[in-house]
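Undergrad: Provided below for reference: sequence and predicted model.
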Amino acid sequence: MNLQNYDKLIFEISQKGHTGYDLPKSDVENYDLGAELGEYSRKEPARLPEVSELQIVRHYTALSNRNFGVESGPYPLGSCTMKYNPKINENIAALDGFANIHPAQAPETAQGALQLMYELQESLKEITQFDAVTLQPAAGAQGELAAIFTFKAYFRAKGELDQRRVILIPDSAHGTNPATAIVAGFETVELPSTPEGIIDVEAVRAAVGPDTAGIMITNPSTAGLFEKDAKEIVDIVHEAGGLAYYDGANLNAIMGITSPGAMGFDACHLNLHKTFTGPHGGGGPGSGPIGVNEKLAPFIPGPNVVKNGDKYEFATPEQSYGRVKGFFGNFGVNVRAYTYIRAMGAEGLRRASEDAVLNANYLRASLNHLYDCPFDKYDKFNKNDFVFDLTRQKKDYNVNAKDVGKRLLDYGVHAPTTYFPLIVHECLMVEPTETESKRDLDFVIDVFTKIAKEAEETPELVQEAPHNTPVRRLDEAGASRKPVLKYRFEDHESNPEGLQE
């Protein structure tokens, strides 16, 4: 292990006089930006690390090797769908005509890119069974917000915006759902789940009224259960004059089998960076287009690509509330999603959903004698993910969900989502995805089995995990509440051989 490049910060390997570049003498006249910025100008030169090209390459290569990704090992992160991203996607996105065009150039000079965007919109309309799609949103959460802003524009046009103030949110919803509703200016009412883990229809019936703007539903839910009453719930909301939004986080369980449109929803967002194999994680990149039915189509954000004869051009719906992102969405991710959809075809997308469901149920059935499945007595089958409840392990061995998640890292398996959904207290939400082979699923089963035995026989081994990772267990609360966001030069200068605490 090269400690110089592996354990130290880039500032700590810095040595005065080292440089990783050699630029020619500039023929551009110097400009004093500081004089223009006045009090906002930098008072002293930026203190940047001084390293050679080889040092910086080794440093960042070492950092990349410390990171766990879907290409490192199984990554069963429930509801986030961390599946393999085919390399052909990267090859297509790197083509000169896609990678090196500029969003400000004239549309007639980028017809191939516009054609791709148009055909992607049409494909997503077919998959969702909606009437209009916009590629503007750059992430799932922004897609949610774009959809709820579309609801808002619709009610404003009807003269009902002051009346329609409430969005109904299931207690199993993604945290972004209530946050989106609040940011959009609505109030929220939480809907309880039944003992079966699905939305209580009678609670919906009791909650709707003349102030209902809509409901936000994930189907399958975050517990991996299909909301069998979704159509009835949507009808109840519609009868009250509200609208229904479909959170597309788990669309990869139903592609080619059913759709948000078939369930009666008015709008949805799609995570192209999840369901359609755009890479994601670590804050980006992402793409979260929304689809809407005919009555909401005039209000969606734009501009969007339309076909005019044999030409493609941009147009914004007449009653659109405007943009949600600069230029035209996250084009690079959209290219990757388009490539995936064209490569898979309708039959391939359906097969992907079927395999995602098959893999999740294979894991669940193989492990539910060791870990409790809270809704097992109500529904013997999950969709693309499922949840374990480790309340029994916590009570009997003082081993909780986080401990098991940390211990998985020692065996080369990424931790599942922990403590979500909130309706399961010691929750592990597991999603193997369709891209894992049976061999790799069996490896995951073997690891979970070993950890269950460790929790019973040597619980301290699990409680103190991880043991084999470059960084041991961290103070997560401290890192969130008191983050150190800049390098302290004075610490290094007083102790140049010491590492940052």
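TA: Nice, I can see it.

Undergrad: ok, D403 - contacts?
TA: Applying C-beta atoms under 8 Å, 6 or more residues apart in numbering, we find D403 in contact with 455, 462-463, 465. Heads up, the C-betas are built off the backbone N, CA and C, glycines and all.

Undergrad: what's stretch 468-482 in contact with?
TA: 6-7, 66, 406, 409-410, 464-466.

Undergrad: quick check, nearest of these to Y338?
TA: Comparing the contacts of stretch 468-482 against Y338 with C-beta to C-beta places R66 closest, at 32.6 Å.

Undergrad: ok, that closest one - how many residues close by?
TA: Neighbourhood size, R66 [other C-beta atoms under 10 Å]: 11.

Undergrad: skip the chain neighbours and tell me the closest residue to it.
TA: P470 (4.9 Å; C-beta to C-beta, 6 or more residues apart in numbering).

Undergrad: go on, A452?
TA: Per C-beta to C-beta, 6+ apart, closest to A452 is L370, 4.2 Å.

Undergrad: about what we covered before: how about the contacts of stretch 468-482, which pair is most distant?
TA: The widest separation within the contacts of stretch 468-482 (C-beta to C-beta) is 22.8 Å, between Y6 and E464.

Undergrad: and the residue lying closest to T275 once chain neighbours are set aside, what are its phi and psi?
TA: Spatial nearest neighbour of T275, excluding adjacent residues (C-beta to C-beta, 6+ apart): N252 at 4.3 Å. Per-residue torsions, N252: phi -70, psi 0 (degrees, to the nearest 10).

Undergrad: next SSE after whatever helix or strand N334 lives in?
TA: Assessed by DSSP states H and E, N334 sits inside helix 331-367. Moving toward the C-terminus from helix 331-367, the next helix or strand (DSSP H and E) is strand 386-389.

Undergrad: quick one: list the elements packing against that following strand.
TA: helix 331-367, strand 427-430 (3 or more C-beta pairs under 8 Å, 6 or more residues apart in numbering; DSSP states H and E).

Undergrad: what is the mean pLDDT for the shortest one?
TA: Pointing back at strand 427-430 there. Averaged across strand 427-430, pLDDT comes to 98.

Undergrad: roughly how far is it from the heart of the chain?
TA: 16 Å (C-alpha atoms, centre = their mean, to the nearest Å).

Undergrad: packing partners for the lengthiest strand in the chain?
TA: Longest strand in the chain, counting residues (DSSP state E): strand 212-218. Using 3+ C-beta pairs under 8 Å, 6+ apart as the contact test, the elements touching strand 212-218 are helix 140-158, strand 166-170, helix 176-183, helix 230-239, strand 243-247.

Undergrad: how far does the longest one sit from the chain's center?
TA: Between the mean C-alpha location of helix 140-158 and the chain-wide mean there is a distance of 20 Å, by C-alpha atoms, centre = their mean.

Undergrad: what angle do it and helix 176-183 make?
TA: 40 degrees (axes from the mean of the first three to the mean of the last three C-alpha atoms, to 10 degrees).

Undergrad: and what of the last one?
TA: With the same axes, to 10 degrees as the criterion, the two stretches strand 243-247 and helix 176-183 enclose an angle of 140 degrees.

Undergrad: and T194, how far from F386?
TA: According to C-beta to C-beta, to the nearest Å, T194 and F386 sit 17 Å apart.

Undergrad: swap that for N330, please
TA: Distance, N330 to F386, by C-beta to C-beta: 30 Å.

Undergrad: so which of these two has more stuff around it?
TA: Looking at N330 and F386 with other C-beta under 10 Å, you find the greater number of neighbours at F386, namely 30 against 26.

Undergrad: identify the residues contacting that one.
TA: Neighbouring residues of F386 by C-beta under 8 Å, 6+ apart: 78, 223-224, 360-361, 363-364, 373, 429-430.

Undergrad: show me what it is bridged to.
TA: V430 (DSSP bridges).

Undergrad: checking the residue nearest the centre of the chain next. Helix, strand or coil?
TA: Taking C-alpha atoms, centre = their mean, the centroid of the chain lies closest to C80, which sits 5.4 Å from it. Three-state call for C80 (DSSP: H, G, I helix; E, B strand; the rest coil): coil.

Undergrad: likewise for the one 4 residues further on?
TA: Under three-state DSSP, Y84 falls in the coil class.

Undergrad: ditto for K307
TA: When classified by three-state DSSP, K307 comes out as strand.

Undergrad: contacts for stretch 154-166?
TA: By C-beta under 8 Å, 6+ apart, the list of residues contacting stretch 154-166 from outside reads 152, 186-189, 209-214, 241-243, 295-296, 299, 319.

Undergrad: would you list the buried entries among those?
TA: Listed as buried from the contacts of stretch 154-166 are 152, 186, 188-189, 211-214, 241-243, 296, 299; burial here means 16 or more other C-beta atoms under 10 Å.

Undergrad: need the per-residue pLDDT for F11.
TA: 89.

Undergrad: of the contacts of D403, closest to G278?
TA: A465 (31.6 Å).

Undergrad: about what we covered before: could you check how far the residue nearest to the centre of the chain is from Y419?
TA: 14 Å.

Undergrad: count of residues packed around K482?
TA: Neighbourhood size, K482 [other C-beta under 10 Å]: 8.

Undergrad: same deal with the one 4 residues further on?
TA: Other residues near K486 come to 6 when the count uses other C-beta under 10 Å.

Undergrad: repeat for N91
TA: Applying other C-beta under 10 Å, we find 10 residues neighbouring N91.

Undergrad: buried ones in the strand or helix carrying it?
TA: Element membership for N91, per DSSP H and E: helix 87-93. For helix 87-93, burial by neighbour count (16+ other C-beta under 10 Å) applies to 89, 92-93.

Undergrad: okay if I get those residues as JSON lines plus pLDDT and distance to D442?
TA: Shown next, in JSON lines, are the buried residues of helix 87-93 (pLDDT from 0 to 100; distance: C-beta to C-beta, whole Å):
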{"residue": "N89", "pLDDT": "95", "distance to D442": "28"}
{"residue": "I92", "pLDDT": "97", "distance to D442": "33"}
{"residue": "A93", "pLDDT": "95", "distance to D442": "33"}
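
Undergrad: closest to G291 among these?
TA: Nearest to G291 among the buried residues of helix 87-93, with distances taken as C-beta to C-beta, is N89, at 21.6 Å.

Undergrad: and the contacts of D403, which of them are in helices?
TA: Judged by DSSP state H, these include 455, 462-463 as members of helices.
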